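Colleague: okay, sequence plus prediction incoming.
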Amino acid sequence: MDLPSIDHLLTTTHSVRKRLDLEQPVEPSVIQACLQLAIHAPTGSNRQSYHFVVVTDPDKRAAIAGYYRQSWTDYIAVQDQEVAAAGVEGKRLEAIQRVRGSAQYLADNMHRVPVLIIPCYQGRVENDGPAAQAGLYGSIVPAAWSLILALRSRGLGASWTTLHLVYEREVAAVLGIPAQVTQVALLPVAYFTGEDFKPTERIPARARTYWDTWGQRR
Ligand SMILES: Cc1cc2nc3c(=O)[nH]c(=O)nc-3n(C[C@H](O)[C@H](O)[C@H](O)COP(=O)(O)O)c2cc1C
């Protein structure tokens, strides 16, 4: 395996928002090819009850973007209040403001993103326990992340978003998604501008790795 390329892909796959190319069309064939790679991810009991709704119709994209924007507006009003109340400042505040600016841009422009993909799974688990919930989400999140990696490797950016799920039922009505199907995310997809991405900044895994007993380091 080409470890440098694989490691680069794994460490530099960001949420792409401001660098989405809103003008360049995306061929349906590249989306389908990436989905075909993504479905090699595992599913519980190998049930393979995944579905992917790829939205390119401008009116439907606009309708979904409207619900997304409403949810974002409500979410960010609360977050802004919490940040102010907590007296966050310095580097942490800068980091929050960076993501906020990028996410605001996405909310303002979601309707212009050429492709919106909603990964779905057959079944509903909101009234079930943790095993059923983990079983459902664990059967679609790995595929959706593989999809983002496959897209990235072909020059397409995306970001994981969930805010539209506040209006999951309304979006289901726009797209004809059956009531027994769970939507798990909304991935806005477009070619990205610029050449490459820097590594993501994360709390090191070592700081959150425990051996044999919670909290125990090696
Ligand atoms: C479960 C989940 C939900 C998210 N929801 C949203 C969202 O609704 N809107 C958005 O702009 N970003 C969303 N994000 C993206 C995060 O803000 C982003 O991954 C994080 O800030 C780290 O940035 P990076 O992906 O560029 O490294 C979500 C990410 C995850 C994992």
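Modeller: On my side now, so go ahead. Numbers count the residues shown, from 1 in each chain.
Colleague: is it true that Thr182 lies in a helix?
Modeller: No. If the criterion is DSSP: H, G, I helix; E, B strand; the rest coil, then Thr182 is strand and not within a helix.
Colleague: so how many other residues sit close to it?
Modeller: 22 (other C-beta atoms under 10 Å). The C-beta positions use only the backbone N, C-alpha and C, and glycine is treated the same way.
Colleague: how much space between it and the ligand?
Modeller: In this view, Thr182 and the ligand are 14 Å apart by C-beta to the nearest ligand atom, to the nearest Å.
Colleague: residues contacting that residue?
Modeller: Contacts for Thr182 (C-beta atoms under 8 Å, 6 or more residues apart in numbering) come out as Cys120, Tyr121, Gln122, Gly123, Arg124, Val125, Leu136.
Colleague: and the ligand, which of those reach it?
Modeller: Counting by C-beta under 6 Å from any ligand atom, the subset of the contacts of Thr182 that neighbours the ligand is empty.
Colleague: which among these count as buried?
Modeller: Listed as buried from these are Cys120, Tyr121, Gln122, Val125, Leu136; burial here means 16 or more other C-beta atoms under 10 Å.
Colleague: what's the closest non-adjacent residue to the second one?
Modeller: Counting by C-beta to C-beta, 6 or more residues apart in numbering, Ile140 is the residue found nearest to Tyr121 once chain neighbours are left out, at 4.2 Å.
Colleague: check the third one too.
Modeller: In space, and not counting its chain neighbours, Gln122 is closest to Ser49: 3.7 Å by C-beta to C-beta, 6+ apart.
Colleague: what about stretch 146-161, how long is it end to end?
Modeller: Terminal residues of stretch 146-161 lie 15 Å apart, using C-alpha to C-alpha, to the nearest Å.
Colleague: list the buried residues in it.
Modeller: Buried positions in stretch 146-161, judged by neighbour count with 16+ other C-beta under 10 Å: Ser146, Leu147, Ile148, Leu149, Ala150, Leu151, Arg152, Leu156, Gly157, Ala158, Ser159, Thr161.
Colleague: distance of the first one relative to Arg61?
Modeller: As defined by C-beta to C-beta, to the nearest Å, Ser146 lies at a distance of 24 Å from Arg61.
Colleague: and the residue nearest to Gln122, how many residues sit next to it?
Modeller: For Ser49, using other C-beta under 10 Å, the count is 16.
Colleague: neighbouring contacts of the longest strand belonging to the chain?
Modeller: For the chain, the strand with the greatest residue count under DSSP state E is strand 115-122. If you take C-beta under 8 Å, 6+ apart as the criterion, strand 115-122 is touched by 26, 31, 47, 49-56, 61, 64, 110, 136-137, 139-140, 143-144, 147, 158, 171, 175, 177, 180-190.
Colleague: out of those, which end up buried?
Modeller: Among the contacts of strand 115-122, those scoring as buried are 26, 31, 49-50, 52-55, 61, 64, 110, 136-137, 139-140, 143-144, 147, 158, 171, 175, 177, 181-190 (criterion: 16+ other C-beta under 10 Å).
Colleague: interface residues of this structure facing the ligand?
Modeller: Contacts of the chain with the ligand, taken as C-beta under 6 Å from any ligand atom, map to His14, Ser15, Val99, Ala103, Leu106, Ser159, Trp160, Thr161, Thr162, Leu163, Thr200.
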